[in-house]
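Chemist: starting from these lines, generate the structure:
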Amino acid sequence: MFLGVLIWAREGTESPALKRIKQIGRIITLAFPKSRMTNNQLIALKRPIDQVGVEERVARFQTRSIKTEAKIQGLKMALNMIDLTTLEGKDTEGKVRQMCYKAVHPHDALPDLPTVAAVCVYPTHVATAVDALKGSGVKVAAVATAFPSGNSSRKIKLADTKIAVDAGADEVDMVISRGEFLSGNYSFVFDEIAAIKEACGKARLKVILETGELSTLDNVRHASDIAMLAGADFIKTSTGKISPAATMPVTLTMLEAIRDFYYETGKMVGMKPAGGISKSKLALHNLVMVKETLGDAWLSNEWFRFGASSLANDVLMQLAKQAEGRYQGLDYFSKD
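Modeler: This is a model prediction of the structure:
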């Protein structure tokens, strides 16, 4: 369990990782000739996941039927939880500003709609997004730490994070070093997350696990636990560049990790499924899963997000149908 973790630290020193754990709950600090946690303490966090049980619970969530007014409320809630994203090599200032306009005005024909939660861009476009969204309440998130591969030195990852934060990012989406995790070097992953969290300052940190590369639900759960213990404000399934991404069994496994972490520490952590959620029906099933796993406190964009730009247009199409009684063509909705 988290609160029984033993932290090995060099006597008289305190790493960023150790600082984070002290903020979370009870720990025992032992003098030992190590500068950081050993893998043994992090291996102790492992717990097996009943995949069949997870899939059965997911199947029950998918049987829920949401109609009429409840559906409209759910669709508006989903829209308000979306992080609109552009993460391409051909991104321009104009494209970022167009996306920011859509973030604030999702569909001009439906003026009573909420804004989306945030826009997500590369660090070099943060200043443009901050300027375009001034006064709107929409957050600016930036991917960092050698997104999407995560294959770079910690020095470069910290510099990447600093560029985003200095430009005004409200949130930073980092990627874990999956190669280190899969090699069993859990302390490397833990310390890296803790260091990036410290570099974020006041910005919230979303930790991307890239679950499509972790192979098993056991690994997804273990990575979730390490990320939260190291200081993640959100845990996130995927970069959107790898398939499979935010499947419902993966998302449920992460939600249950968040629930257990909250029971053990009293600390709320947010959740962001990203990649593969392009239809409103699937988004609503995810919201039902959040409500029944974590409760109403997580049903806001403060604690739950969708990383799915394509979802926005499907939600808008469904809302337009509810308002007008017919579907509008895709040409009525901007792609950016």
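
Chemist: any low-confidence regions in this protein?
Modeler: 1-37, 323, 325-336 (pLDDT under 70).

Chemist: can you do 80?
Modeler: 1-38, 68, 322-336 (pLDDT under 80).

Chemist: what about Trp298, distance to Val119?
Modeler: From Trp298 across to Val119, the span is 22 Å (C-beta to C-beta, to the nearest Å). All C-beta spots, glycine's among them, are computed from the backbone N, C-alpha and C.

Chemist: who's more crowded, the two?
Modeler: Val119 (29 against 21; other C-beta atoms under 10 Å).

Chemist: helices of this structure, start to end?
Modeler: With DSSP state H as the criterion, the chain has helices at 16-24, 39-43, 51-61, 68-79, 93-104, 126-132, 154-166, 178-182, 186-200, 217-229, 248-265, 280-294, 309-324.

Chemist: give me the neighbour count for the nearest residue to Ala127 once chain neighbours are set aside.
Modeler: Leaving aside its sequence neighbours, Ala127 sits nearest to Ala167 (C-beta to C-beta, 6 or more residues apart in numbering; 4.7 Å). By the criterion of other C-beta under 10 Å, Ala167 has 18 neighbours.

Chemist: hmm, Val121 and Ala167 touching each other?
Modeler: No - shown here, Ala167 and Val121 do not form a contact pair, counting by C-beta atoms under 8 Å, at 9.9 Å.

Chemist: tell me, what's touching the two both at once?
Modeler: Ala142 (C-beta atoms under 8 Å, 6 or more residues apart in numbering).

Chemist: gap between Val250 and Ile226?
Modeler: 16 Å.

Chemist: correction: Thr211
Modeler: From Thr211 over to Ile226 (counting by C-beta to C-beta), the distance is 14 Å.

Chemist: the two - which one has more neighbours?
Modeler: Ranked by neighbour count (other C-beta under 10 Å), Thr211 and Ile226 place Thr211 first, with 31 against 24.

Chemist: how about Ser136: what's its closest non-neighbour residue?
Modeler: Val104 (4.7 Å).

Chemist: sorry, slip of the keys, the one I care about is Ala146.
Modeler: Ser152 is the one closest to Ala146 (C-beta to C-beta, 6+ apart), at 3.7 Å.

Chemist: any idea what Ala274 is bridged to?
Modeler: Gly307 (DSSP bridges).

Chemist: doesn't Lys236 make contact with it?
Modeler: Yes - using C-beta under 8 Å, Ala274 is in contact with Lys236, at 5.6 Å.

Chemist: any shared contact partners between these two?
Modeler: Joint contacts of Ala274 and Lys236 (C-beta under 8 Å, 6+ apart) are Ile208, Gly307.
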